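> Quick one, fold the following:
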Amino acid sequence: MIELKKCCKVPFPEKLFEEYEEKENAIYANVNASKVPDMMKNFIKSHNEPLFFILELPCKMEDSLTESKLLYNINDNDIYYIDGLNDDEACQCIDALSGFLIKDGLNTFGIGGHTSHEEILFGKYNVMTIYTQHTEKYHNFLNSFNIKKTDSLLTAWDTFDKEHPGECWKHISEQTGKTVYDIPDMYEDFGMYLYEARKEYNEAYEKQITYEELLGKLLLVGITYFTKDNELIEQKQFYGVVTEANDSFIRIKQPNGTELTLPPDLSSTKRARPGEYKLCSTGEAVVNPDFHATWNLIKGD
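Purely as a prediction, here's the structure:
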């Protein structure tokens, strides 16, 4: 019997085991929730290419969504992306969000490669999907997590009927009251966007940034705070013109004249896509910043 997500219920859990089935261009598996972060990061480390984070949410925020609503009404889902991540940034996304996402019953999330077009997704009722043209190369990957091959995988979906439906619902943080529906707004300034607005990935955004390039440019800074258990707490944002940038510090001058000094971490700084970035704390809109820098920090008790 598999370890189910916290916010889901299936009629016959005793029938479900950690196994995978290989199909054309895809692998489907039942996976224990606690294994998912390590599996995602293993996938990331094996892909030497620009990566993207993907988050899929039902458009309607009802609790107790059932098999019929989720399985067939696929057009009722919103899909969000963060593009152009390197392996460290992708692992940071998993570290920051997976603890929350594997508790929630509604979402599907994962990582994909811009070049290989391979994806690993963990979805409703603990079904993991790996999209690839080379399914055979994932046999050892899955076996290393003690997930065995079968010729006929039985997932939770296969056990549902009108008399025995499945249920999944939102995880609500006891500390912050936040749900998965808060994530797109909280991560908008980190580059998360809705699929409808998606553009093809542009390699120019991945070009290495230099200190000299930052000088005189508008930099948007986002800091997200988490509890020790990776629960979302709050996000703070700042912006200003870069007045100094070197291997000792980066300094920006905010519109009110206040200066803010940042660590000289260019790995956390990325080119910003054109658009209007709304600050969660004030509602102020920052139009067409040149760069954005992001940090995830753990806040003590």
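
> So which residue is dead centre in this structure?
Phe53 (4.6 Å; C-alpha atoms, centre = their mean).

> which residue packs closest to Ile82, ignoring adjacent ones?
Counting by C-beta to C-beta, 6 or more residues apart in numbering, Phe53 is the residue found nearest to Ile82 once chain neighbours are left out, at 4.3 Å. C-beta coordinates here come from the backbone N, C-alpha and C atoms, glycine included.

> Oops, could you answer that again for Ser152 instead?
Nearest non-adjacent residue to Ser152 (C-beta to C-beta, 6+ apart): Glu21, at 6.8 Å.

> care to break the chain down by domain?
8-182, 209-298 (automatic domain parsing).

> Output these in CSV; the columns should cover mean pLDDT and distance to Gly191.
Shown next, in CSV, are the domains of the chain (pLDDT from 0 to 100; distance: least, C-beta to C-beta, whole Å):
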stretch, mean pLDDT, distance to Gly191
domain 8-182, 87, 5
domain 209-298, 83, 7
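
> Could you export those domains as a markdown table, including distance to Tyr195?
Shown next, in a markdown table, are the domains of the chain (distance: least, C-beta to C-beta, whole Å):
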| stretch | distance to Tyr195 |
| --- | --- |
| domain 8-182 | 4 |
| domain 209-298 | 14 |
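
> Burial check on the residue nearest to Glu19 when sequence neighbours are not counted, number of neighbours?
Setting aside the residues directly before and after it, Glu19 is nearest to Thr150 in space (C-beta to C-beta, 6+ apart), at 4.3 Å. Neighbourhood size, Thr150 [other C-beta atoms under 10 Å]: 14.

> Torsion angles phi and psi at the residue nearest to Ser152?
Note on Glu21: its backbone torsions stand at phi -130, psi 140 [degrees, to the nearest 10].

> Show me what it is bridged to.
Beta bridges link Glu21 to Tyr28 when assigned by DSSP bridges.

> Isn't it up against Thr155?
No: judged on C-beta atoms under 8 Å, Glu21 makes no contact with Thr155 at a distance of 9.0 Å.

> Give me the common contacts of these two.
Contact criterion C-beta atoms under 8 Å, 6 or more residues apart in numbering; residues shared by Glu21 and Thr155: Tyr28.

> Same drill for the two, tell me which one is more crowded.
Between Glu21 and Thr155, counted using other C-beta under 10 Å, Thr155 has the larger neighbour count: 19 against 16.

> Starting from Ala33, give me the distance back to that one.
15 Å (C-beta to C-beta, to the nearest Å).

> Look at Tyr195 and report its pLDDT.
pLDDT for Tyr195: 78.

> What separation do you get for the nearest residue to it once chain neighbours are set aside and Ile120?
In space, and not counting its chain neighbours, Tyr195 is closest to Ile79: 4.1 Å by C-beta to C-beta, 6+ apart. Ile79 sits 15 Å away from Ile120, going by C-beta to C-beta.

> Same drill for the two, tell me which one is more crowded.
Using other C-beta under 10 Å, the more surrounded residue of Ile79 and Ile120 is Ile120, with 25 against 14.

> pretty sure the more buried one contacts Met128?
Yes: the pair Ile120 / Met128 is scored as a contact, 7.0 Å apart, by C-beta under 8 Å.

> Report the set of residues contacting both of the two.
Met39.

> remind me, longest helix of this protein?
Counting residues, the longest helix found in the chain (DSSP state H) is helix 87-101.

> between the helix or strand that comes right after that helix and helix 87-101, how many degrees?
Once helix 87-101 ends, the next helix or strand along the chain (criterion: DSSP states H and E) is strand 108-113. Strand 108-113 and helix 87-101 meet at an angle of 170 degrees, taking axes from the mean of the first three to the mean of the last three C-alpha atoms, to 10 degrees as the criterion.

> what lines up beside strand 108-113 in the sheet?
The strands beside strand 108-113 in its sheet (DSSP bridges) come out as strand 51-58 (antiparallel), strand 119-122 (antiparallel).

> Between the ones you listed, which one is closest to Thr227.
Thr227 lies closest to strand 51-58 among those, at 20.3 Å (C-beta to C-beta).

> Just give me how far that closest one sits from the chain centre.
6 Å (C-alpha atoms, centre = their mean, to the nearest Å).

> likewise stretch 97-111?
For stretch 97-111, the distance to the chain centre is 8 Å (C-alpha atoms, centre = their mean).

> Quick one: end-to-end distance for that stretch.
End-to-end distance for stretch 97-111, by C-alpha to C-alpha, to the nearest Å: 12 Å.
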